[in-house]
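Enquirer: Sequence and predicted model, in that order:
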Amino acid sequence: MEDAGLRTWVDQMGNVHGRVEGPNANAEALLLGSHMDTVVDAGKFDGSLGIISAISALKVMHDNGKLQKLRRPVEVIAFCDEEGVRFQSTFLGSGAIAGILPATTLEIPDKRNATVREILKESSIETTEESFLQLKYDPKSVWGYVEVHIEQGPVLEQVGFPLGVVKGIAGQTRLKVTVRGSQGHAGTVPMSMRQDPMVVAAEQIVLMESLCKHPEEYLSYDGRCSDSSVKSLSSSLVCTVGEISTWPSASNVILGQVTYTMDIRAIDDLGREAVIYDLSNRIYQICDRRSVSCIIEHKHNAGAVICDSGLSSQLKSAAYSALKRMEGDIQEEVPTLMSGAGHDAMAMSHLTKVGMLFVRCRGGISHSPEEHVLDNDVWAAGLATLSFLENLQ
């Protein structure tokens, strides 16, 4: 960031900032960014590509003497903990900047019962409730937020385009389900007398898959779910169990407890809420029928976000300019698509208007060591970001 001519600092949440004021320091600022973290056993492009694209574009402007001619301040933010892997709470960095997180966020524990506050202190960042709340940006000081990110899906590769403009981001809910049964000896308790939380959890997970594949067969057309919502769910609803833990986890013991997570996403917020309501009721019914106890905790909830049409139009023009520079005449229109993955732009939408540019990734693979972006596509992302900044309003 400093090599790109930016003033840099690390805030009280561990976000890394780089900013150039330009000749109009009092104007509303453009924020660019993405996240530094990723999931366990992942690739190197998720999040980081957006940060590098922004810094690289500003570095070119710095080297060409254009950085100080920007019409408004520009700030790059490398956000911490977007994924929520450690603390099961997403958007910690961008959420603090957007002001959507309470000060109690500092007391969220990880699996070792180390809190956010304690982990920050290990990195020599002393964060109080007051300093945490002061991280929120004044909406009047921000013009907009733009994020470049790998698609994490196969659409751009399928249509043969390296870049695409995001028109919206699916809403998402994360649940933690705890099933408690009766722990016992694997060899002495008859099958008819067992209260095994593992088979209960298995039945619930299969139910989730069936409901999310065929929501129209489960949801009723009442006040919670309209016909249009069900139709939207049929094409956008995705549900995932990504984590399962058991106790006491011994081969000769009937488990006493099973805990698993559910990640539920859809473009239609009302439809997603209807799925959660129906699924939760059915989960409790299975527990009652099998004489075990169930607890469903809501760990994260984010509504769907529609990207700003003005920013999207500017990003489409920038993408077209980049591709034309690389490949010559472009006959086809830069594609627009929805994002099923959550992004820092979801949190930042509570602060300002947002826009996103997707970059093609091989096979649509992400959150995997196989995650890969072609060098030319990285180049296209950087050129598009540069074009966007050079034509910044």
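Expert: Yep, it's here.

Enquirer: Ile267 is in contact with Gln172, correct?
Expert: No. Using Cβ atoms under 8 Å, Gln172 is not in contact with Ile267; the gap is 10.6 Å. C-beta coordinates here come from the backbone N, C-alpha and C atoms, glycine included.

Enquirer: Can you tell me how far the closest residue in space to Val159 that isn't next to it in sequence is from His343?
Expert: Leaving aside its sequence neighbours, Val159 sits nearest to Pro335 (Cβ to Cβ, 6 or more residues apart in numbering; 5.6 Å). Separation of Pro335 from His343 (Cβ to Cβ, to the nearest Å) stands at 18 Å.

Enquirer: could you measure the residue nearest to Cys361 when sequence neighbours are not counted against Glu157, distance?
Expert: Nearest non-adjacent residue to Cys361, counting by Cβ to Cβ, 6+ apart: Ile150, 4.5 Å away. Going from Ile150 to Glu157 by Cβ to Cβ gives 11 Å.

Enquirer: Over to Ser48?
Expert: Ser48 is 20 Å from Glu157, where distance means Cβ to Cβ.

Enquirer: for the one residue sitting closest to the centre of the chain, helix, strand, or coil?
Expert: Centroid-nearest residue in the chain, with Cα atoms, centre = their mean: Gly342, separated by 2.7 Å. State at Gly342, reduced to three classes by DSSP: H, G, I helix; E, B strand; the rest coil: coil.

Enquirer: tell me the contacts of the nearest residue to it once chain neighbours are set aside?
Expert: Sequence neighbours aside, Gln172 is the residue nearest to Gly342 in space, at 5.2 Å (criterion: Cβ to Cβ, 6+ apart). Taking Cβ atoms under 8 Å, 6 or more residues apart in numbering as the contact definition, Gln172 lies against 263-265, 272, 300-302, 342.

Enquirer: Identify those among those residues that sit within helices.
Expert: Arg272 (DSSP state H).

Enquirer: Among the contacts of Gln172, which one has the most neighbours?
Expert: Scoring these on neighbours with other Cβ atoms under 10 Å, the highest-scoring entry is Arg272 at 27 neighbours.

Enquirer: Was I right to think that residue contacts Arg265?
Expert: Yes. Look at Arg272 against Arg265 with Cβ under 8 Å: they come within range, at 7.2 Å.

Enquirer: shared neighbours of those two, anything?
Expert: 171-173, 237.

Enquirer: If you rank every helix and strand of the chain by mean pLDDT, what lands last?
Expert: One helix or strand of the chain scores below all others by mean pLDDT, DSSP states H and E: helix 227-236, with a mean of 75.

Enquirer: mind listing what's buried in it?
Expert: Buried positions in helix 227-236, judged by neighbour count with 16 or more other Cβ atoms under 10 Å: 229-230, 232-233, 236.

Enquirer: For Pro335 and His343, indicate the residue with more neighbours.
Expert: Applying other Cβ under 10 Å to Pro335 and His343 shows that His343 carries more neighbours, namely 27 against 17.

Enquirer: That one is in contact with Glu82, isn't it?
Expert: Yes. Contact criterion Cβ under 8 Å: His343 and Glu82 qualify, at 7.5 Å.
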